[in-house]
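Enquirer: here are the coordinates; sequence isn't available:
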């Protein structure tokens, strides 16, 4: 990206900013993160007639204060990177509110071009905007566009490039804030100018305004730059703030906001905006809402939509996932045949191919799930779900939007926590989002189900279906209570204001969906892939090394030869005897491996919950992926290969083992439901939470909690004599 | 003309904001969404459990929790217009 001209896109959420960005840059996009935060940084290249322009899509914000990460990121980018021009995209049907952000760009003085997006939708609503008049009054280029179709975007870019070329000093616009504040501002500006206080980064008046708005970031910077002047400025603001509170019962930042809207209204009234219809008139979108958010129909439709999304993903995604697993299974089989036995083969087959296959097999699920979520989000329905569910989720310190992540993670038994954790991105409230992404993996995902079904089928045969349903309910109860616990301890704090926009329903564009889905999928493959592959190899090593002592191996070799001499090769007896011998050898090897020793070593502790070393190894293996629990148990019971979908032999082995009983089974079930999320999920948590700390937290905390639950169940159950 | 808190307003009732009595993050969020004195709002509906509330403001629809709506004072033209 060697383009010289850099242009930033700024605008409110739902103003069509992403649509414009996609239109301008097509597939030439790059998604990264701003340093230190989880806010996405999208960059792309626009090819104009004569030159290439580097475009940065700033996060959607309503304002440029310092309350949310998005806003800090957006304004830091503007003042430090100083793009040659900003395209401020505004929803033409909602101009007054959208111009609130424009006001702040004007006050910053950065060269700006205003794009009036969805000018067609505004016209349909009876709104006519005189762009020429607006241009005159604001003193910056104004271009009506329709980002969906590309109408007006060529002109927009021409004018933006023109602005970017005529590189001039920033020219901050002064808006009047009434006598009290204007006088204060003049005083502060004079002080700031004479001492060159932060003037290399911010215009003096802008700094003064931020002090009046008690902007924490600027106040902190001021403190670091010149503590005496900072204290003087703050003292001046306090005097006026007290005066305003006493005389008018208001706040300085409220006065500023009121005057900004006053400034906007005065401009719009000067022949810029004409509204044909009464503003209370109902439009198509409102009519849809009368049904879709209706008190009785709304929840029913919501359940149907969420079930539909879930169904679609797993009906079409599961066969694809299984298909990919089959492909990798086949590949593993080929390598198995081609290479001589040994550690290299074992590493390739059990470590790398199984590990990479495990990662890639999630890709179809993630793609489908994200297409579904993108449809719900881009159409505007997701905001309605949050609106309807908020009252319930708020009780647990969550947000209405949390429901989505829960359901995808397995809230309806059989989801997957990986797309679930990734789906929390739609939540804009940081604490609620964190609580959601840490508790979503407690749901019964599709990989836990076969294990739960096996144990239920073995030990609770009479009531299998209601029992599994009860486990789903248990997952919800635990997840919600855990969220409540987290929100009153490590994630303590008042809830983020809910104030949210219900955007008009829009038909999602194919291009938007495709880009959105591909982006998320690629991020998953790239980021998660590297970590998971590394840990898969580690786990493989832990279950392979140090291997059996030479004399033991020699003994198995002798027995193998003995079998070959007793039975002709290929006869049923030969196969049976050899299979049993291999299984016995593998069991011994597993027992002797690092993981096996860990399992044995943990036995004194795990016996409190009734877990023997075999169960321990299986649970360690389950950390890679929960399905692995069954196959590892199979090896530990020397059954050879156990297919998770057809585990009748394992079921019999468990039923016959005196160490197992219904109480132990229940303890194991609960432990499996709530202990450390699988590797892929932990990698996603680390990515989404933006720090390793939360990944480790979820492993340690969940395992601790699950173990406490399992111990309680085992001890109480045994004391009550239910162990039979 | 009658003064009332936003929470008491009925569905489809309209009014003009007279005061937004909160500062800090909440005040900022309300103001940047256009909820400032002088703005006309209409209650569009309430969620199935009566909370949050959906409002029409300046050509868009906003949702607020009831405890957030409590900071907003409204003047309504006529009490009888609600249904």
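Expert: Cool, the structure landed. From a predicted model like this one, the values you see are computed outputs, not experimental measurements.

Enquirer: got a list of what residue 19 touches?
Expert: You didn't pick a chain, so chain A it is. Applying CB atoms under 8 Å, 6 or more residues apart in numbering or on different chains, we find residue A:19 in contact with A:147, A:148, A:509, A:512. All C-beta spots, glycine's among them, are computed from the backbone N, C-alpha and C.

Enquirer: You answered for a different chain; I wanted chain B.
Expert: Contacts of residue B:19 were listed using CB under 8 Å, 6+ apart, and they are A:249, A:250, B:37, B:72, B:73.

Enquirer: Do a quick rundown of the strands in chain B.
Expert: B:2-5, B:14-20, B:40-46, B:53-57, B:60-64, B:72-76 (DSSP state E).

Enquirer: Throw these into TSV and include mean pLDDT, thanks.
Expert: Converted to TSV, those look like this (pLDDT from 0 to 100):
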stretch	mean pLDDT
strand B:2-5	87
strand B:14-20	92
strand B:40-46	92
strand B:53-57	92
strand B:60-64	91
strand B:72-76	93
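
Enquirer: Quick check: which of these is buried the most?
Expert: Stretch with highest mean neighbour count among these: strand B:60-64 (a mean of 25; mean count of other CB atoms under 10 Å in any protein chain shown).

Enquirer: Identify the residues contacting that strand?
Expert: Contacts with strand B:60-64, where a contact means CB under 8 Å, 6+ apart, come from A:91, A:93-94, A:97, A:285-286, A:289, A:383, A:387, A:498-504, B:6, B:30, B:33-35, B:44, B:47, B:52-55.

Enquirer: and the residue of the stretch 501-650 of chain A nearest chain B?
Expert: Across the stretch 501-650 of chain A, the shortest distance to chain B (CB to the nearest CB) belongs to residue A:502, at 4.1 Å.

Enquirer: just to revisit the earlier point, right, and out of the contacts of residue A:19, which lies closest to residue A:4?
Expert: For the contacts of residue A:19, the residue nearest residue A:4 by CB to CB is residue A:147; the value is 24.8 Å.

Enquirer: Local confidence estimate at that closest one?
Expert: Predicted confidence (pLDDT) for residue A:147: 94.

Enquirer: That one: neighbour count?
Expert: Counted with other CB atoms under 10 Å in any protein chain shown, residues neighbouring residue A:147 total 25.

Enquirer: who's in contact with it?
Expert: A:16, A:19, A:20, A:23, A:89, A:115, A:117, A:118, A:153.

Enquirer: how about a cut-off of 6 Å?
Expert: Residue A:147 makes contacts with A:16, A:19, A:20, A:23, A:117, as judged by CB atoms under 6 Å, 6 or more residues apart in numbering or on different chains.

Enquirer: and it, how far is that from residue A:503?
Expert: 14 Å (CB to CB, to the nearest Å).

Enquirer: Equivalent analysis for residue B:72, please.
Expert: Look at residue B:72 and residue A:503: by CB to CB, they are 22 Å apart.

Enquirer: ditto for residue A:165
Expert: Taking CB to CB, one finds residue A:165 at 35 Å from residue A:503.

Enquirer: who's more crowded, these two?
Expert: A side-by-side neighbour count of residue A:165 and residue A:503, using other CB under 10 Å, places residue A:503 first with 23 against 11.

Enquirer: In this structure that one contacts residue A:15, no?
Expert: No. Between residue A:503 and residue A:15 there is no contact, the gap being 9.4 Å when judged by CB atoms under 6 Å.

Enquirer: Could you list which residues are in contact with residue A:482?
Expert: Taking CB under 6 Å, 6+ apart as the contact definition, residue A:482 lies against residue A:439.

Enquirer: Does it belong to a helix, a strand or coil?
Expert: Put simply, residue A:482 is helix when judged by DSSP: H, G, I helix; E, B strand; the rest coil.

Enquirer: what sits against the residue of the stretch 501-650 of chain A closest to chain B?
Expert: By CB under 6 Å, 6+ apart, the contact set of residue A:502 is A:383, B:61, B:63.

Enquirer: need those residues in CSV with distance to residue A:376, can you?
Expert: Formatted as CSV, those follow (distance: CB to CB, whole Å):
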residue, distance to residue A:376
A:383, 9
B:61, 17
B:63, 17
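
Enquirer: rewinding a little: show only the entries of the contacts of residue A:147 found in helices.
Expert: Among those, the members falling in helices (DSSP state H) are A:19, A:20, A:23.

Enquirer: now the angle between strand B:60-64 and the helix ranked longest in chain B, please.
Expert: In chain B, taking DSSP H as the definition, the longest helix is helix B:24-32. Calculated by axes from the mean of the first three to the mean of the last three CA atoms, to 10 degrees, helix B:24-32 forms an angle of 160 degrees with strand B:60-64.

Enquirer: Tell me the gap between helix B:24-32 and the middle of its chain.
Expert: Its chain's average C-alpha position is 14 Å from that of helix B:24-32, according to CA atoms, centre = their mean, to the nearest Å.

Enquirer: what inclination does that helix have with respect to strand B:72-76?
Expert: Going by the same axes, to 10 degrees, helix B:24-32 makes 30 degrees with strand B:72-76.

Enquirer: which bits of chain A sit near chain B?
Expert: Contacts of chain A with chain B, taken as CB under 6 Å from any CB of the partner chain, map to A:62-63, A:65, A:67, A:93-94, A:96-97, A:100, A:251, A:257-258, A:261, A:280, A:295, A:298-299, A:387-388, A:390-391, A:497-502.

Enquirer: For ChimeraX, write a command that selects the buried ones of the residues you listed.
Expert: To isolate the buried ones among the residues of chain A next to chain B in ChimeraX, judged by 16 or more other CB atoms under 10 Å in any protein chain shown, type:
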select /A:62,63,65,67,93,94,96,97,100,251,257,258,261,298,299,387,388,390,391,497,498,499,500,501,502
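
Enquirer: can you list the residues of chain B near chain A?
Expert: Chain B comes close to chain A at residues B:23, B:25-26, B:28-29, B:31-34, B:36, B:42, B:47-49, B:51-52, B:58-65, as judged by CB under 6 Å from any CB.

Enquirer: ok, 7 Å please
Expert: Contact residues, chain B versus chain A (CB under 7 Å from any CB of the partner chain): B:14, B:20, B:23, B:25-34, B:36-37, B:42, B:44-45, B:47-49, B:51-52, B:54, B:58-65, B:68.
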